[in-house]
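Trainee: Build the 3D model from these lines:
(2 chains)
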Number of protein chains: 2
Amino acid sequence: MRFDRDPIIEALRKIVPADRVLSGRERVAPFECDALPVYRASPRAVVLVRSEAEVVAVAKLCRRQRVPLVTRGAGTGLSAGARPLERGVLLVTSGMDRILSVNPDSMTARLEPGVVNLQISRAAAAHGLYYAPDPSSQIACSIGGNVAENAGGVHCLKYGVTVQNVTGLRLVTADGEILTLGSDCLAQPGYDLLALVHGSEGGLGIVTEVTVGLTQKPAQTRTLMADFSTVRAAADAVSTIVRAGVVPAALEMMDALAIEATEQFCHAGYALDAAAILLIDLDGQPEEVAAELALVESVLANSGASRVQCAASDAQRELWWKGRKSAFPAVGRLSPDYYCIDGTVPRRRIGDVLEAIDRFARHYRLRVANVFHAGDGNLHPIIMFDGRERDALDRVEHLAADILEYCIEVGGTITGEHGVGLEKIDQMAVQFGDAEIAQFLAVKDALDPDRLLNPDKLIPTLAHCQEYRMLRKSDG
Amino acid sequence: MRFDRDPIIEALRKIVPADRVLSGRERVAPFECDALPVYRASPRAVVLVRSEAEVVAVAKLCRRQRVPLVTRGAGTGLSAGARPLERGVLLVTSGMDRILSVNPDSMTARLEPGVVNLQISRAAAAHGLYYAPDPSSQIACSIGGNVAENAGGVHCLKYGVTVQNVTGLRLVTADGEILTLGSDCLAQPGYDLLALVHGSEGGLGIVTEVTVGLTQKPAQTRTLMADFSTVRAAADAVSTIVRAGVVPAALEMMDALAIEATEQFCHAGYALDAAAILLIDLDGQPEEVAAELALVESVLANSGASRVQCAASDAQRELWWKGRKSAFPAVGRLSPDYYCIDGTVPRRRIGDVLEAIDRFARHYRLRVANVFHAGDGNLHPIIMFDGRERDALDRVEHLAADILEYCIEVGGTITGEHGVGLEKIDQMAVQFGDAEIAQFLAVKDALDPDRLLNPDKLIPTLAHCQEYRMLRKSDG
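Mentor: Predicted coordinates:
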């Protein structure tokens, strides 16, 4: 390392102290991938930034030298959005982790991008407030990454995804300019760049500050669990509940395989003979919760639930949710490997998509456990496989593609909260036509004219789209 | 007219039947301005379109001939966003007014852009649903214009502005391509062009179809009216209510002058001795409403309200709201002319901004009545004046600028729901720095490379910004 004469690395060491510039295969190894490790690459350099001024200097350097720049937060992303490029710089914001202010009057908090999601709620708790979006990775993921992926979570049915909970951003552009976007008010004039940055996966700029809206902690939360003897009945109940005018704080579904795995893992008290269960949180003022509870219980009974239970204590509530939250590692114990998909369908098509997943899985000789945010129609099928089998990964990839493309077919989308990254870049060609892709690229070029910011992710080229569409056609 | 040989007009007559192409000063006169008639211009031609195919053909013609194209819906806009250009074509979408479908299962409706806001709720009523955003002009304004201005209304505190209630758009681009944006699902991959189009005032494309989300009609709505002896106490109560964890369906404020005007006009039963009143709607399940009612009543009592009444009947509720909704014409009766401003401040700054408005108004020797969406911090000061007085309009414009720029100073914005158009183009230079303006222009150029779509509105040039900032500085 000592004799490294890469001019980019030398220039980075003039921007930040030398110990915050990493290079050489071994030292950058921890940054080769995010939480989707099938995609990995060894970056030319990793720079650990601590301030907006450093971000600006790195952006200007990369622009001047035409070096690609990938931004990484906590590295918990599931679509390889933070996978580095071999010829590029990886800028890591996890060290910018200060909570700049918590303002109970305006119900907002100003944060550096590296602040961990759960820390926001901890800091706001003293004021009876919390930050609503709660991705499963909330103990580790950072708010900058939440913005980049427009992260969701269990409670986004009622409280919205990240974009609905962020009121302001500071963004460093590809040429090192600082933009201030958003305000404490409901609307801002001009084009809505604040929304545009959400889900843009670091491709339009580098977020250096996030102002989030905080939510009043509900006075009460009650949890229902309903068992169903068919998946279809559970799926239909989801639509009926929302159609009845109730917006549950959470409305989750697990199928038999997910139930089985979870029960073995943490004994949450799920019914092993159920084809599917729904877990439902209702929150608000006690009178409101009581009214909703009665309404939802009657909908569940009329929808063919074989049993409906209301958690008798906070301990029981927490145990039920612990089961749901540990479903991924639980399934992981049943299978040498697993791969989690993220797609979304209109709520009323949940039954259809679950049947299709079952059909596709049989075709590829794979097992799938289903755990998902049913209220949003946001699926997370977990494909179980053994990577040591010769063609296993290939079958998994085909199954994932079939599931995602079925989501599109029924009017859904290829992502709910995990983003596109590299993982789903092919499916963008199915989700969109050339007209939309061309406009995405035009917007990209407007903010990042040299396509240096996280290039080749999220938005495919038109040529790539045409190739993939031809390939799928020939697949039949 | 018969001998008109303008090649653009002739080309338009090949796209639509001749009787839907208007030209000549007299025939285009009804389209010279929108609802802000101080800005007017006589367009080269008006084309009344009936289908997306016609919109595509007009867009392609204008692009080919480099002719500016301004889109107009119902013409109810209040910032001159639909004012035509003398050298340009005015495309009128109000004839595209079919409700394409109402889907109770997905709680959505597909609409042509000319559908009138209130018609949506009428069409959805049979399913117990309605369309939540309700601008004051809702009996006349169309959904395409609502998207262009990102319209709000009395109920957007709880139910969001237009962008939160639209799930899909079809957009014809400057070069006549059709984009399909959004879905029935909570998230879509790619850049969020759906959000970007909201509030873009026809500058990024022409909306030809809107899919809106519908809302379940609340089981119950109760209305509170609270009288206050100081404006400051009423303003502070607004913040306290929201901070207590209640999100009222509506939270409106009127000051003494607005009360006086309204009482004379429609005898709504407002207290003539109050310095300000709050009108508060609470909706939901009866138990929820009862709980919120008790909480809000106690907050109001502790905030120094001199009297709190709950409407005893629907007739009383409607009368109270009739007063609020007729405040503009009511003020109009007290004054030969009036001018309504639209700005937004953080809720906790409402008291400050009302004091500032009073101060500025005295300075310019003008009277201002205040009626506004207090829950959102969205002000609508109504400046009363007599246009026959020599410098009256000049003083009004200075007062409006001072109020808007004070909104910016306290962390607010120059619009809540009326847009920027031509009216507030100067204040964009105060709201934003050159870095943001440059990016807005870059986005504009990405979607509309020849700047033909509603040019010179919403986004000022950098040169214009610099000029205005210098002018304000020299004003002192």
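Trainee: Quickly note the distance from A:Ala240 to chain B.
Mentor: Small correction: residue A:240 is Thr, not Ala. 10 Å (C-beta to the nearest C-beta, to the nearest Å). Heads up, the C-betas are built off the backbone N, CA and C, glycines and all.
Trainee: How about A:Gln466?
Mentor: 17 Å.
Trainee: what sits against that residue?
Mentor: A:Gln466 sits next to A:429, A:434 when contact means C-beta atoms under 8 Å, 6 or more residues apart in numbering or on different chains.
Trainee: List the buried residues for the one helix or strand it maps to?
Mentor: Taking DSSP states H and E as the definition, one finds A:Gln466 inside helix A:462-475. Buried residues in helix A:462-475, counted by 16 or more other C-beta atoms under 10 Å in any protein chain shown: A:464-465, A:468.
Trainee: now swap in stretch A:441-459 and tell me
Mentor: Residues A:441-444, A:446-448, A:451-459 are the ones in stretch A:441-459 that count as buried (16+ other C-beta under 10 Å).
Trainee: returning to that earlier point: from the buried residues of helix A:462-475, pick the one nearest chain B.
Mentor: Proximity of the buried residues of helix A:462-475 to chain B (C-beta to the nearest C-beta) peaks at A:Cys465, which lies at 12.0 Å.
Trainee: The nearest residue to the closest one once chain neighbours are set aside: how many residues sit nearby?
Mentor: Setting aside the residues directly before and after it, A:Cys465 is nearest to A:Ala429 in space (C-beta to C-beta, 6 or more residues apart in numbering or on different chains), at 3.7 Å. Each residue near A:Ala429 was counted by other C-beta atoms under 10 Å in any protein chain shown, and the total is 22.
Trainee: A:Ala429: what's it in contact with?
Mentor: For A:Ala429, the contacting residues are A:437, A:460, A:464-466, A:468-469, by C-beta under 8 Å, 6+ apart.
Trainee: Could you rerun that using 10 Å?
Mentor: Residues counted as contacts of A:Ala429 (C-beta atoms under 10 Å, 6 or more residues apart in numbering or on different chains) are A:437, A:460-462, A:464-472.
Trainee: Check which helix or strand it maps to.
Mentor: Using DSSP H and E, A:Ala429 falls within helix A:428-431.
Trainee: quick check, A:Tyr406 in a helix?
Mentor: Yes - judged by DSSP: H, G, I helix; E, B strand; the rest coil, A:Tyr406 forms part of a helix.
Trainee: can I assume it is in contact with A:Thr344?
Mentor: No - the pair A:Tyr406 / A:Thr344 is not scored as a contact, 11.8 Å apart, by C-beta atoms under 10 Å.
Trainee: more neighbours, those two?
Mentor: Comparing A:Tyr406 with A:Thr344 by neighbour count (other C-beta under 10 Å), the higher total belongs to A:Thr344, at 31 against 19.
Trainee: Flag every buried residue along the helix or strand bottoming out on mean pLDDT in chain A.
Mentor: The weakest-scoring helix or strand in chain A, judged by mean pLDDT, DSSP states H and E, is helix A:327-334 (a mean of 89). The neighbour-count check on helix A:327-334 (16+ other C-beta under 10 Å) flags A:327-328, A:330-332, A:334 as buried.
Trainee: so who does the residue in the stretch 1-150 of chain A that chain B sits nearest to touch?
Mentor: Proximity of the stretch 1-150 of chain A to chain B (C-beta to the nearest C-beta) peaks at A:Asp105, 5.0 Å away. A:Asp105 is in contact with A:127, A:184, B:239, B:243, B:346-349, counting by C-beta under 10 Å, 6+ apart.
Trainee: if I look at A:His373, how far off is A:Cys156?
Mentor: Using C-beta to C-beta, to the nearest Å, A:His373 is found at 7 Å from A:Cys156.
Trainee: and for these two, which residues touch both?
Mentor: A:250, A:416-417, B:186.
Trainee: Show me which residues of the stretch 1-150 of chain A sit near chain B.
Mentor: Remark: the part of the stretch 1-150 of chain A in contact with chain B comprises A:79, A:103-108, A:127-129, A:149-150, using C-beta under 10 Å from any C-beta of the partner chain.
Trainee: redo that, cut-off 8 Å
Mentor: Residues of the stretch 1-150 of chain A found near chain B (C-beta under 8 Å from any C-beta of the partner chain) are A:104-107, A:128, A:150.
Trainee: From those, list the buried ones, please.
Mentor: Neighbour counting over these (16+ other C-beta under 10 Å) leaves A:106-107, A:150 as the buried ones.
Trainee: export those to JSON lines and tack on secondary structure and pLDDT?
Mentor: Converted to JSON lines, those look like this (DSSP: H, G, I helix; E, B strand; the rest coil; pLDDT from 0 to 100):
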{"residue": "A:Ser106", "secondary structure": "coil", "pLDDT": "90"}
{"residue": "A:Met107", "secondary structure": "coil", "pLDDT": "94"}
{"residue": "A:Asn150", "secondary structure": "coil", "pLDDT": "97"}
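Trainee: of these, closest to B:Leu48?
Mentor: Nearest to B:Leu48 among these: A:Asn150, at 39.3 Å, using C-beta to C-beta.
Trainee: Contact partners for the residue nearest to A:Ile425 when sequence neighbours are not counted?
Mentor: Distances taken as C-beta to C-beta, 6+ apart put A:Pro460 closest to A:Ile425, at 5.0 Å, once the chain neighbours are dropped. Taking C-beta under 8 Å, 6+ apart, we find A:Pro460 in contact with A:425-426, A:428-429, A:437, A:468.
Trainee: Of the residues you listed, which is the nearest to A:Leu282?
Mentor: A:Met428 (36.8 Å).
Trainee: From A:Leu453, how far off is the closest one?
Mentor: Taken as C-beta to C-beta, the span from A:Met428 to A:Leu453 is 17 Å.
Trainee: Below-threshold pLDDT in the stretch 351-476 of chain A: ranges please.
Mentor: For the stretch 351-476 of chain A, the stretches with pLDDT under 70 are A:476.
Trainee: Spell out which parts of it neighbour chain B.
Mentor: Residues of the stretch 351-476 of chain A lying close to chain B (C-beta under 8 Å from any C-beta) are A:376-378, A:411-417, A:419-420, A:424, A:428, A:431-433, A:435-440, A:442-447, A:458-459.
Trainee: The residue nearest to A:Gln427 when sequence neighbours are not counted - how many residues pack around it?
Mentor: Closest residue in space to A:Gln427, ignoring its immediate chain neighbours: A:Ile414 at 4.4 Å, by C-beta to C-beta, 6+ apart. Around A:Ile414 there are 31 other residues, counting by other C-beta under 10 Å.
Trainee: right, and A:Ile414 touches A:Ile403 too?
Mentor: No - contact between A:Ile414 and A:Ile403 fails when scored by C-beta atoms under 8 Å: they sit 9.5 Å apart.
Trainee: domain assignment for chain A?
Mentor: A:7-92, A:99-216, A:220-328, A:335-409, A:428-475 (automatic domain parsing).
Trainee: Off-centre distance for the second one?
Mentor: With C-alpha atoms, centre = their mean, to the nearest Å as the basis, the distance from the averaged C-alpha position of domain A:99-216 to the chain average is 14 Å.
Trainee: Between the two ends of it, what distance do you get?
Mentor: 19 Å (C-alpha to C-alpha, to the nearest Å).
Trainee: and which of the residues of the stretch 1-150 of chain A next to chain B is nearest B:Glu355?
Mentor: A:Asp105 (17.9 Å).
Trainee: And the pLDDT for A:Ser183?
Mentor: Per-residue confidence (pLDDT) for A:Ser183: 88.
Trainee: what's it sitting at in phi/psi?
Mentor: Per-residue torsions, A:Ser183: phi -170, psi 180 (degrees, to the nearest 10).
Trainee: list the contacts for the closest residue to chain B within the stretch 251-400 of chain A?
Mentor: For the stretch 251-400 of chain A, the residue closest to chain B is A:Glu288, as judged by C-beta to the nearest C-beta, at 3.4 Å. A:Glu288 makes contact with B:284-285, B:287-288, B:291-292 under the criterion C-beta under 8 Å, 6+ apart.
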